[in-house]
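Peer 1: need a structure here:
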Amino acid sequence: MVAAAVHSILAWEPESEADLQFFQNIPWCAEIIKMPGVRAYRGDYPPRRERGMDPVIHGFNYRRPKRRYLTSKVTVFREEGILRYGSFLAEPGVLPTHDVNQSEGLPSGKSVSTPSQREPRSAVTASQGEYPIHIDIFTLGQALYGFPRTIHGGILCLLADGICGKTAFLHRNPVNQMYTAYTNTRFIKPMIIGQDGTITIMMKTQISRVRTTEGKIVVITRFEGPGGLVYATAESMVMEKIWKGRL
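Peer 2: Below is the predicted model:
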């Protein structure tokens, strides 16, 4: 990975102004995303869709029976799936770094040091404390939960894989190609939707360590709720390689 700022930022603005305002009206979300040093952004991913995000998420579809021999293909961004989404970048020092093995929540909205004025650095030169923390907020709808009103574990695995991959992608060496070797998800507390049939969650994702000679990038993430409640954690290893041909 190269010593440079985060790659592939399309614009330092929210994916959706309506979604940003929605999250700003949720006190525990606003406490973090309104902190100095936390900026909303739109990423440039291949292929970029209307609402941005990650190709892994856009590629996920579920099939809902329409007739006996017909099915309708509905993306997770519609039909009560992912209702709202926002991506943010916290400069190094704004939020505490975290360990995927910890089960207790991080202090929410508490700054442990003065926000760094430097641009986020890539993994080849930065220690863990210098990596920016990527914040992704989702409001999930009724199409994504099962009995008893609990979000499917497979949805969390999908989000963990996609967001960890996105984080590594934004810090990659642009000349290299990447693929995920594994993503391990640990479930801690059930993610139960509210009376309105939705739940808002926050993912805090960070590069944990890099083995540059082997091209291995370890990314960790946490699924959090109000007060730093931790629903799940995940660790992903992303391989960064150069191929003569395309994947």
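
Peer 1: Going by C-alpha atoms from here, please, whenever you check contacts or count neighbours.
Peer 2: Fine.

Peer 1: after the longest helix along the chain, next one along is what?
Peer 2: Among the segments of the chain that qualify as a helix by DSSP state H, the longest is helix 153-170. Counting by DSSP states H and E, the next helix or strand C-terminal to helix 153-170 is strand 177-187.

Peer 1: List the strands paired with that following strand, with their directions.
Peer 2: Strand 177-187 pairs in its sheet with strand 230-241 (antiparallel), by DSSP bridges.

Peer 1: got a list of contacts for the strand it pairs with?
Peer 2: Here strand 230-241 makes contact (Cα atoms under 8 Å, 6 or more residues apart in numbering) with 100-101, 103-105, 160-161, 164-165, 168, 172, 176-191, 215-225.

Peer 1: repeat that for 6 Å
Peer 2: Strand 230-241 is contacted from outside by 100, 105, 176-189, 215-224, using Cα atoms under 6 Å, 6 or more residues apart in numbering.

Peer 1: residues near Ile192, how many?
Peer 2: For Ile192, the number of neighbouring residues by other Cα atoms under 10 Å comes to 18.

Peer 1: so how many other residues sit close to the closest residue to it other than its chain neighbours?
Peer 2: Distances taken as Cα to Cα, 6 or more residues apart in numbering put Thr150 closest to Ile192, at 4.4 Å, once the chain neighbours are dropped. As a burial measure, Thr150 scores 16 neighbours (other Cα under 10 Å).

Peer 1: I'd assumed Gly197 was in contact with Thr150.
Peer 2: No: the pair Thr150 / Gly197 is not scored as a contact, 10.4 Å apart, by Cα atoms under 6 Å.

Peer 1: before we move on, the earlier item: make a PyMOL selection of whichever of the contacts of strand 230-241 turn out to be buried.
Peer 2: Here is the PyMOL selection string for the buried members of those, based on 16 or more other Cα atoms under 10 Å:
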select buried, resi 100+105+178+180+183+185+186+187+215+216+217+218+219+220+221+222+223+224
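
Peer 1: so which helix or strand takes in the nearest residue in space to Pro226 that is not next to it in sequence?
Peer 2: Nearest non-adjacent residue to Pro226, counting by Cα to Cα, 6+ apart: Trp28, 5.7 Å away. According to DSSP H and E, Trp28 maps onto helix 27-33.

Peer 1: residues near the closest residue to Lys189 other than its chain neighbours, how many?
Peer 2: Setting aside the residues directly before and after it, Lys189 is nearest to Tyr231 in space (Cα to Cα, 6+ apart), at 4.6 Å. Per other Cα under 10 Å, the neighbour tally for Tyr231 reads 22.
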